[in-house]
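**Student:** could you look at this predicted model? Sequence included:
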Amino acid sequence: DHATRRKVAVIARGLMTRAQDLTRPIGATLAGAQATLAAVPVPGALAPTLSADVEAYSAILEGSLPTGPAPVSLGLADLDAGLRGGLRKGSWLLVGLPGVGKTTLAAQIVAHVAATQGPVLFVSKEQQRSEIRDIFLAHLARLPLGKVIDARENPERMAFTQDELTRLTFAMNTLHALPAHVMDPSTPGCPNTVLEILATARGMNPLPVLVVIDNLGELDTRAKYRDRDEAQVEKMRDLRAAKDALGIPFLTLAHPNAQALAGRQGRKLREGDVAGGQAASRVADGTIFMHDENKHATCDHEKHPPTPGVVEVYGTKIRGLSRPLLEEVFAIPSEHRFTSTRARDEFAVFDARVSSGSTRLFVIDLSTKVVTSPFVGDANTNDTFPTWMDNATLAFSSDSGVSDNVYKVALPMDQASLLVPKAIEPSYFAPPQ
């Protein structure tokens, strides 16, 4: 700016001198002055592009997104989406009233992570190894837990069908090979404190990608406390140090405190209802609540009937997320598992030619990589072109009979029913057609 002013002042002095020279035509003097002034650069900011604005917006996004190692997928698409990919490094609490399915969900997560992402350390302070094994087998075989337990306790009157026995055999082979390391109070050297769990995890080779603890209240503390809440806070602080030491998520099951249990018929659980109160919740990186309205009513079900099987999974304090977690999962007791309510994320279906020459349908469980028992239709027929109708129903073409027809069958695959006669190659276009 000063340099330009000096140039203009020089030009002005020259113009004054030439203007007083009566021998020079005034027109030539003005033209020369205008040309000289036009060559002087005008100071000021250049008109910017949007590059700086784009960089600023990018910084906002980067600041709102979780950073660090890739998250551990939980195997439920809706829940993974709500957590922006799954559980990241941190201390996580899974809280719910009795019977809501905390242990079932935890076992399902352990099975999925161990099958797809790496070793998992599961420390159970509540259940014995045989009970944990039964839970895993029921989930992997897609069988009711009671049926698996009954077969163990009363083997002389085992009541599995051939298909169920095949699925259970697949499940046993799968569980036998899973890097799911389970410790219960009967395990020699079972850790009793958070720091002992950390030492156990550090001794694993390879290191675990996830540690699951059942549950917070059963762990011992390093010091003695008269106040139970203070003891829970110490454990939470140790869990925070443990997740920093290993750089992985720690998922710890926890019960509500006595106050929440006493008034549980009136509302859903919220921050501060965890054993340890608000102090424990503040130390955690995320508190994930489970609520089954069918079992623990919070409203008049005659006016607002709940959807059978739907369990809410929510959290108001999730570090790294700019919005609360609010998702739903669907409980399937007959298969001892949860599934996403919207996304078909757990199974893939395909057709393949078998040794007899016929084409049959097969279903693969993407969480365990196990191909379940094929759908067995009529002899010497071809079942092809499978497509999803909804989360658990398939449509397919079959040349059973005198013409090609479209059938539908529910998972687990059982008796098929005629859907569209004299049609081939079904294609999904709008529910439920």
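**Tutor:** Alright, I've got the coordinates. Predicted, not measured: the structure shown is a model, and the values here were computed from it.
**Student:** need the helices for the protein, in chain order.
**Tutor:** Taking DSSP state H as the test, the helices found in the chain are 2-20, 26-38, 51-64, 77-82, 102-116, 129-141, 145-153, 162-177, 194-202, 228-246, 258-262, 277-283.
**Student:** could you redo those helices as TSV and give each row distance to Ile364?
**Tutor:** Quick note: C-beta positions are derived from backbone N, CA and C, even for glycine. Conversion of the helices of the chain to TSV gives the following (distance: least, Cβ to Cβ, whole Å):
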stretch	distance to Ile364
helix 2-20	74
helix 26-38	76
helix 51-64	36
helix 77-82	16
helix 102-116	12
helix 129-141	13
helix 145-153	22
helix 162-177	11
helix 194-202	31
helix 228-246	32
helix 258-262	41
helix 277-283	40
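**Student:** and of those, who's closest to Leu210?
**Tutor:** helix 102-116 (5.1 Å; Cβ to Cβ).
**Student:** tell me the spacing between the residue sitting nearest the centre point of the chain and Ala106.
**Tutor:** What sits nearest the mean C-alpha location of the chain, by Cα atoms, centre = their mean, is Asp80, with 2.1 Å. Look at Asp80 and Ala106: by Cβ to Cβ, to the nearest Å, they are 16 Å apart.
**Student:** got it, and His291?
**Tutor:** 16 Å.
**Student:** quick one, what contacts the closest residue to Ser281 other than its chain neighbours?
**Tutor:** Leaving aside its chain neighbours, Ser281 sits nearest to Glu271 (4.8 Å; criterion: Cβ to Cβ, 6 or more residues apart in numbering). Glu271 makes contact with 278, 281, 287, 316-317, according to Cβ atoms under 8 Å, 6 or more residues apart in numbering.
**Student:** which of those sit farthest apart?
**Tutor:** By the measure Cβ to Cβ, Gln278 and Thr316 form the most distant pair in the contacts of Glu271, at 12.1 Å.
**Student:** by neighbours, which of the contacts of Glu271 wins?
**Tutor:** Neighbour count (other Cβ atoms under 10 Å) singles out Thr287 as the most crowded of those, with 26 neighbours.
**Student:** can you get me a residue count around the closest residue to that one other than its chain neighbours?
**Tutor:** Once flanking residues are discounted, Thr287 sits nearest to Leu93: 4.6 Å by Cβ to Cβ, 6+ apart. Residues within reach of Leu93, counting by other Cβ under 10 Å, total 28.
**Student:** beta partners for Leu93?
**Tutor:** Beta bridges link Leu93 to Thr252, Thr287 when assigned by DSSP bridges.
**Student:** that older thread, nearest to Ala9 among the contacts of Glu271?
**Tutor:** Closest to Ala9, out of all of those and judged by Cβ to Cβ, is Lys317, at 65.5 Å.
**Student:** the closest one touches Thr287, doesn't it?
**Tutor:** Yes: under the criterion of Cβ atoms under 8 Å, Lys317 makes contact with Thr287 at 5.7 Å.
**Student:** shared neighbours of those two, anything?
**Tutor:** Counting by Cβ under 8 Å, 6+ apart, the contacts common to Lys317 and Thr287 are 271, 281.
**Student:** so where's this protein uncertain?
**Tutor:** 44-46, 60-68, 263-265, 342-346, 365-370, 372-379, 390-392, 401-402, 411-433 (pLDDT under 70).
**Student:** residues touching the residue lying closest to the residue nearest to the centre of the chain once chain neighbours are set aside, list them.
**Tutor:** Counting by Cβ to Cβ, 6+ apart, Asp80 lies nearest to Gly86, which is 5.0 Å off, once chain neighbours are set aside. Taking Cβ under 8 Å, 6+ apart, we find Gly86 in contact with 71-74, 80.
**Student:** nearest to Ser334 among these?
**Tutor:** For the contacts of Gly86, the nearest to Ser334 is Leu74 (21.5 Å; Cβ to Cβ).
**Student:** so can I have JSON lines of the contacts of Glu271 showing distance to Leu168?
**Tutor:** Output for those, formatted as JSON lines (distance: Cβ to Cβ, whole Å):
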{"residue": "Gln278", "distance to Leu168": "45"}
{"residue": "Ser281", "distance to Leu168": "40"}
{"residue": "Thr287", "distance to Leu168": "36"}
{"residue": "Thr316", "distance to Leu168": "40"}
{"residue": "Lys317", "distance to Leu168": "40"}
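**Student:** closest one of those to Cys190?
**Tutor:** Among the contacts of Glu271, and counting by Cβ to Cβ, the member closest to Cys190 is Thr287, at 26.0 Å.
**Student:** tell me which residues touch the closest one, please.
**Tutor:** 92-93, 95, 271, 274, 281, 315-318.
**Student:** which ones among the residues you listed map onto strands?
**Tutor:** In strands, defined here by DSSP state E, the members of these are 92-93, 95, 315.
**Student:** most widely separated two among these?
**Tutor:** The most widely separated members of the ones in strands among the contacts of Thr287, counting by Cβ to Cβ, are Trp92 and Val95 (10.2 Å).
**Student:** same drill for the two, tell me which one is more crowded.
**Tutor:** Neighbour count, other Cβ under 10 Å: between Trp92 and Val95, Val95 has more, with 29 against 25.
**Student:** would you confirm that that one contacts Ala254?
**Tutor:** Yes: with contact defined as Cβ under 8 Å, Val95 reaches Ala254; the gap is 5.0 Å.
**Student:** give the intersection of the neighbour lists for those two.
**Tutor:** Common neighbours of Val95 and Ala254 (Cβ under 8 Å, 6+ apart) are Val274.
**Student:** count the neighbours of Gln128 for me.
**Tutor:** By the criterion of other Cβ under 10 Å, Gln128 has 13 neighbours.
**Student:** check the one 5 residues further on too.
**Tutor:** Neighbours of Arg133 under the rule other Cβ under 10 Å: 16.
**Student:** one more: Ala245?
**Tutor:** Ala245 has 13 neighbouring residues, counting by other Cβ under 10 Å.
**Student:** and it, how close does it get to Leu326?
**Tutor:** Where Leu326 is concerned, Ala245 sits at a distance of 32 Å (Cβ to Cβ).
**Student:** closest to Arg360 among the ones in strands among the contacts of Thr287?
**Tutor:** Out of these, the member with the shortest distance to Arg360 (by Cβ to Cβ) is Trp92, at 42.1 Å.
**Student:** nothing else from me, thank you.
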